[in-house]
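Enquirer: okay, predicted coordinates and the sequence, questions at the end:
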Amino acid sequence: MRTLVVSDLHLGGRTGVDVLRRPEARPPLLAEVAGADRLVLLGDTLELRQGPVREALGRAEPVLRDLAGALPRGAEVVLVPGNHDYALAAPWLAAHAGPLGLETWIAPAEASPAAGQVAAWLGAGEGRAVDLAYPGLWLRDDVYATHGHYLDPHGTVPTFERLAAGAMQRLAQAVPSPAVAEDYERVLAPLYAWIDAAAQRAGDDRPAAGAGRAGRAYSMLSGDGHRPIRARALAAAFPLGIGGLNLLGIGPLSSDLSSAALRRNALTGMGQVTARLGIVAEHVIFGHSHRTGPLPDDDLLEWRTASGAWLHNTGSWVNEGWFTDRTRSASPYWPGGAIVVADEGAPQLLRLLQDFSPRPDPA
């Protein structure tokens, strides 16, 4: 079986950075989809944090229909919710009393109306199996795949979600070691519920509060020396603020926002998730960080967990202008990543948009 794994399409948001919204960006992905026996959409397929679900679904429909049209007859589709489209499974998860384990299968129409609609556009009911798995799934006996949002409580980069997860761990209980999926859900689900509620009440065409601010903050705090005086002053004060958060018990956090720090943040966090959940696999595939890898120039040892699992990141299909403007397609954050898993051998990383110029369209 040939499995194609893609993550972080972020279809349908108000900022218009989802490159697949542009029809001319789709052919390279559709060509790979046409050769797949199984398509795994590994989280954040939809951008449900910038406005009402109905808006995102309307914008995402053409892309989802194109994916369905490219799939061979009999090919399977698996949806894995991430943090930005957690609402696809939130109603079912809120009512579910049993353990999740590493792989729980849910009929999309039972997970939520939105998941049922996505499944219909992907071909459910037309002879194609479309299922939802959470928090991940086994692609082979030795290959596990999950979105990767469980790494946030273990990160050191002070993203909004890391800070919120730190606060939740202070109020509730820190993720233990060993852990089960419910330990992560206890910390993260309340945060997601609050963000999703805000998005549903975003009444105009502006993105809900917080959208796009991570990139702007990164640009301001780690710029190239041409920043205005106010930005330089903020960057100088930033480490002091991080120190204060650490004293409050929200950390451990670091003021290092270098490319290397961002990479290590995701890899170390995912290593923690793998260890605490007891994932025994040769390969673990995830998305979430949008940082494609491992790439030829990467230190492969960084991509191996203490338990010996090799980590693989799908990258994203988002125009990360704040991270890619200087290096363009050489950037590990350049859109167009995918991973192929065959019946044997290591997962193969694909970079499908190296010659593409992703300029965001109006939302």
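Expert: Happy to help now that I have it.

Enquirer: rounded mean pLDDT for stretch 65-72, please.
Expert: Stretch 65-72 shows a mean pLDDT of 98.

Enquirer: identify all contacting residues around it.
Expert: 26, 29-31, 33-37, 39, 77, 121-123, 128 (C-beta atoms under 8 Å, 6 or more residues apart in numbering). In short, each C-beta sits where N, CA and C put it, glycine included.

Enquirer: buried subset of the residues you listed?
Expert: Among these, the ones that count as buried by 16 or more other C-beta atoms under 10 Å are 26, 29, 30, 33, 36, 39, 77, 121, 122, 123, 128.

Enquirer: and which of these is nearest to residue 198?
Expert: Comparing these against residue 198 with C-beta to C-beta places residue 121 closest, at 26.0 Å.

Enquirer: isn't that closest one up against residue 64?
Expert: Yes - between residue 121 and residue 64 there is a contact under C-beta atoms under 8 Å: 4.1 Å.

Enquirer: run a quick neighbour tally on the closest residue to residue 336 other than its chain neighbours.
Expert: Spatial nearest neighbour of residue 336, chain neighbours left out: residue 353 (2.8 Å); criterion: C-beta to C-beta, 6 or more residues apart in numbering. Close neighbours of residue 353, defined as other C-beta atoms under 10 Å, add up to 21.

Enquirer: roughly how far apart are residue 353 and residue 137?
Expert: 26 Å (C-beta to C-beta, to the nearest Å).

Enquirer: with residue 143 instead?
Expert: For residue 143, the distance to residue 137 - C-beta to C-beta - is 10 Å.

Enquirer: list the contacts for residue 79?
Expert: Contacts of residue 79 by C-beta under 8 Å, 6+ apart are 41, 45, 88, 108, 115, 118, 119, 122, 130, 131, 132, 133.

Enquirer: element containing residue 39?
Expert: strand 38-41 (DSSP states H and E).

Enquirer: before we move on, the earlier item: nearest to residue 282, of the contacts of residue 79?
Expert: Nearest to residue 282 among the contacts of residue 79, with distances taken as C-beta to C-beta, is residue 133, at 19.5 Å.

Enquirer: the closest one and residue 145, how far apart?
Expert: 9 Å.

Enquirer: again, but for residue 330
Expert: 26 Å.

Enquirer: chain center to stretch 46-56, what's the gap?
Expert: Here stretch 46-56 is found 15 Å from its chain centre; the criterion is C-alpha atoms, centre = their mean, to the nearest Å.

Enquirer: sorry, slip of the keys, the one I care about is stretch 121-131.
Expert: Counting by C-alpha atoms, centre = their mean, stretch 121-131 comes out at 23 Å from the chain centroid.

Enquirer: now do the SS call for the most centrally placed residue in the chain.
Expert: Residue closest to the average C-alpha location in the chain (C-alpha atoms, centre = their mean): residue 288, at 2.6 Å. Recorded secondary structure, residue 288: coil (DSSP: H, G, I helix; E, B strand; the rest coil).

Enquirer: wait, it sits on residue 81?
Expert: No - at 11.8 Å, residue 288 does not count as touching residue 81 under the criterion of C-beta under 8 Å.

Enquirer: what sits in contact with each of the two?
Expert: Common neighbours of residue 288 and residue 81 (C-beta under 8 Å, 6+ apart) are 43, 147.

Enquirer: one step back: in helices, which of the contacts of stretch 65-72 fall?
Expert: 29, 30, 31, 33, 121 (DSSP state H).

Enquirer: please enumerate the helices of this protein.
Expert: Counting by DSSP H, the helices of the chain are 27-33, 53-70, 90-95, 108-111, 113-121, 160-171, 181-200, 213-221, 229-247, 259-276, 321-324.

Enquirer: least confident of those, on average?
Expert: Averaging pLDDT over each of the helices of the chain puts helix 213-221 lowest, since it has a mean of 45.

Enquirer: so how far is residue 348 from residue 19?
Expert: Distance from residue 19 to residue 348, counting by C-beta to C-beta: 22 Å.

Enquirer: between the two, which is the more surrounded one?
Expert: Neighbours per residue (other C-beta under 10 Å) separate residue 19 from residue 348, with residue 19 holding more: 25 against 11.

Enquirer: correct me, but the more buried one touches residue 320?
Expert: No - Residue 19 is not in contact with residue 320 according to C-beta under 8 Å; the separation is 10.1 Å.

Enquirer: pLDDT value on the nearest residue to residue 195 once chain neighbours are set aside, please?
Expert: Computed as C-beta to C-beta, 6+ apart, the closest residue to residue 195 that is not its neighbour in sequence is residue 49, at 5.6 Å. Looking at residue 49, its pLDDT is 94.

Enquirer: ok, now residue 81?
Expert: pLDDT, residue 81: 99.

Enquirer: the closest residue to residue 55 other than its chain neighbours - how many residues pack around it?
Expert: Computed as C-beta to C-beta, 6+ apart, the closest residue to residue 55 that is not its neighbour in sequence is residue 12, at 6.7 Å. Applying other C-beta under 10 Å, we find 27 residues neighbouring residue 12.

Enquirer: need the contact list for residue 12.
Expert: Going by C-beta under 8 Å, 6+ apart, the list of residues near residue 12 reads 18, 46, 47, 48, 55, 56, 57, 58, 59, 60.

Enquirer: need the residues you listed in a markdown table with neighbour count and distance to residue 268, can you?
Expert: Below are the contacts of residue 12 laid out as a markdown table (neighbours: other C-beta atoms under 10 Å; distance: C-beta to C-beta, whole Å):
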| residue | neighbour count | distance to residue 268 |
| --- | --- | --- |
| 18 | 29 | 28 |
| 46 | 30 | 28 |
| 47 | 27 | 26 |
| 48 | 33 | 28 |
| 55 | 19 | 36 |
| 56 | 26 | 31 |
| 57 | 19 | 35 |
| 58 | 11 | 38 |
| 59 | 19 | 35 |
| 60 | 26 | 32 |
